[in-house]
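Visitor: Give me coordinates for this.
(chains A, B, C and D)
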Protein chains: 2
Amino acid sequence: MDRLSLTFSALADPTRRAILARLSTGAASVNEIAAPFSMSLPAISKHLKVLERAQLIARGREAQWRPCEMKAEPLREADAWIEQYRQMWEERFDRLDAYLMELQAKSADAKATSAKTAKAKKKKP
Amino acid sequence: MDRLSLTFSALADPTRRAILARLSTGAASVNEIAAPFSMSLPAISKHLKVLERAQLIARGREAQWRPCEMKAEPLREADAWIEQYRQMWEERFDRLDAYLMELQAKSADAKATSAKTAKAKKKKP
DNA sequence: AACGTATTAAACCAAATGGTTAAATACAAG
DNA sequence: CTTGTATTTAACCATTTGGTTTAATACGTT
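Guide: I've put the predicted structure just below:
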C-alpha cells in the first residue's frame, strides 16, 4: 500500500485520531493511551500497530513499557494532497464563482458583458 | 460513521483519489471516469458510491448519463484536522527545536541560559 | 524462584472492502 | 417495440478490519 493510502486509512478511525491527539501532548505508555477508551488493551495495541505502520507513531523501550510518541511527518504529504483542492472549498472562491454565475445569468441578452465574465473566470484570485 | 472518518476512508484509496483528481478538472460521466482504469464498471460504480456517501461528489441526471461533479467541502474539515499538527512537521519548527536542544545541552552548567531556553520553547514562531 | 505489571500474540468472529461476472434497469433512437 | 448504450444491482468471493477472550512474553520486585 502507498504511503498516502496508509496515512489516510490510519486517520479514518476516531479512536486512532484520539490517540494521536493524546500523543501530540507528549509521549505515553500503552496503558496511559488505553485509559480513556472503553475497549480492551489488545484492541488498542492493534490500533497502535496501524499507526506505527503508517509511521504516525514510533515506539521506544523502557523496561516493560513501550512508550509511544507521535511522528507527524506523514501528515505533511496528506496535507499537500488536500491542499491541491483548497481553492475548491474556500469561501472567497465560492462567492466569486457565485457572483460570476449571477453576472452571466443577468447578461443573457448583453453579449459584451458575458464575454468579460468568461475572461474573468479564467483568473485564479 | 462520523463525517471525518467517512472523508478520510474515502481518500484512503488511490483509485478514488485519482477519480477526484479527474473530477477536479470538470464533471464527467461514469464511463469517462472509468476509462483510465483497468477495472470493471461496477467496481468504479462502487467507488463512486463511496465518494458520494462521503459527499465528495454529487451526481446529476442527463438522459441515461449520471454526470459526477466533485464537491470539495468535506476536505475543508479534513484539512482543519490535519492543520492542528502542522507545527509538528514544519521544518522551521524542527530546526528551532534542534537549536534549542543544542543550547540546552551546552548550558548544562549555565542555569541562567537554560531558563531563557525553556521560556523560548513556549512560543510558537 | 515466584509474583505482578505492561504489553503483545493467537485464535476466533462479524462486518466491511474491493473486486469479479451476470442480470436488471433507464433512456434514446431506429 | 426492439435494440443499443449507460449505469446499477445482485450474488458471490477473498481479504481486511475492528473487536473479543485467552494465553504468552518481558521485565522489575520481593
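
Visitor: and stretch A:40-58, anywhere near DNA strand C?
Guide: Yes: using Cβ under 7 Å from any atom of the strand, stretch A:40-58 comes into contact with DNA strand C via A:41-42, A:45, A:48-49. (C-beta placed from N, C-alpha, C; glycine too.)

Visitor: Now residue A:52: closest residue in space, sequence neighbours ignored.
Guide: Spatial nearest neighbour of residue A:52, chain neighbours left out: residue A:59 (6.5 Å); criterion: Cβ to Cβ, 6 or more residues apart in numbering or on different chains.

Visitor: Hmm, residue A:49 and that neighbour touching each other?
Guide: No: at 9.8 Å, residue A:59 does not count as touching residue A:49 under the criterion of Cβ atoms under 8 Å.

Visitor: Between those two, which has more neighbouring residues?
Guide: Between residue A:59 and residue A:49, counted using other Cβ atoms under 10 Å in any protein chain shown, the more crowded position is residue A:59 (15 against 12).

Visitor: Write down the beta-bridge partners of the more buried one, one by one.
Guide: For residue A:59, the beta-bridge partners are residue A:68 (DSSP bridges).

Visitor: list the contacts for it?
Guide: A:48, A:52, A:66-69 (Cβ atoms under 8 Å, 6 or more residues apart in numbering or on different chains).

Visitor: if you set the cut-off to 10 Å instead, what comes out?
Guide: A:27, A:30, A:48-49, A:51-52, A:65-69 (Cβ atoms under 10 Å, 6 or more residues apart in numbering or on different chains).

Visitor: Kindly report the same for residue A:84.
Guide: Contacts for residue A:84 (Cβ under 10 Å, 6+ apart) come out as B:20-21, B:24, B:72, B:75.

Visitor: Where in chain A is the helix or strand with the lowest mean pLDDT?
Guide: Taking mean pLDDT, DSSP states H and E as the measure, chain A has helix A:111-122 as its least confident helix or strand, at a mean of 38.

Visitor: rewinding a little: buried subset of the residues of stretch A:40-58 next to DNA strand C, written for PyMOL?
Guide: Applied in PyMOL, the following selects the buried portion of the residues of stretch A:40-58 next to DNA strand C according to 16 or more other Cβ atoms under 10 Å in any protein chain shown:
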select buried, chain A and resi 48
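
Visitor: out of the residues of stretch A:40-58 next to DNA strand C, who's nearest DNA strand D?
Guide: residue A:42 (3.5 Å; Cβ to the nearest atom of the strand).

Visitor: any idea how far that closest one lies from residue B:64?
Guide: Distance from residue A:42 to residue B:64, counting by Cβ to Cβ, to the nearest Å: 51 Å.

Visitor: Likewise for residue A:21?
Guide: 47 Å.

Visitor: Same check on residue A:41?
Guide: Distance of residue A:41 to residue B:64, given as Cβ to Cβ: 54 Å.
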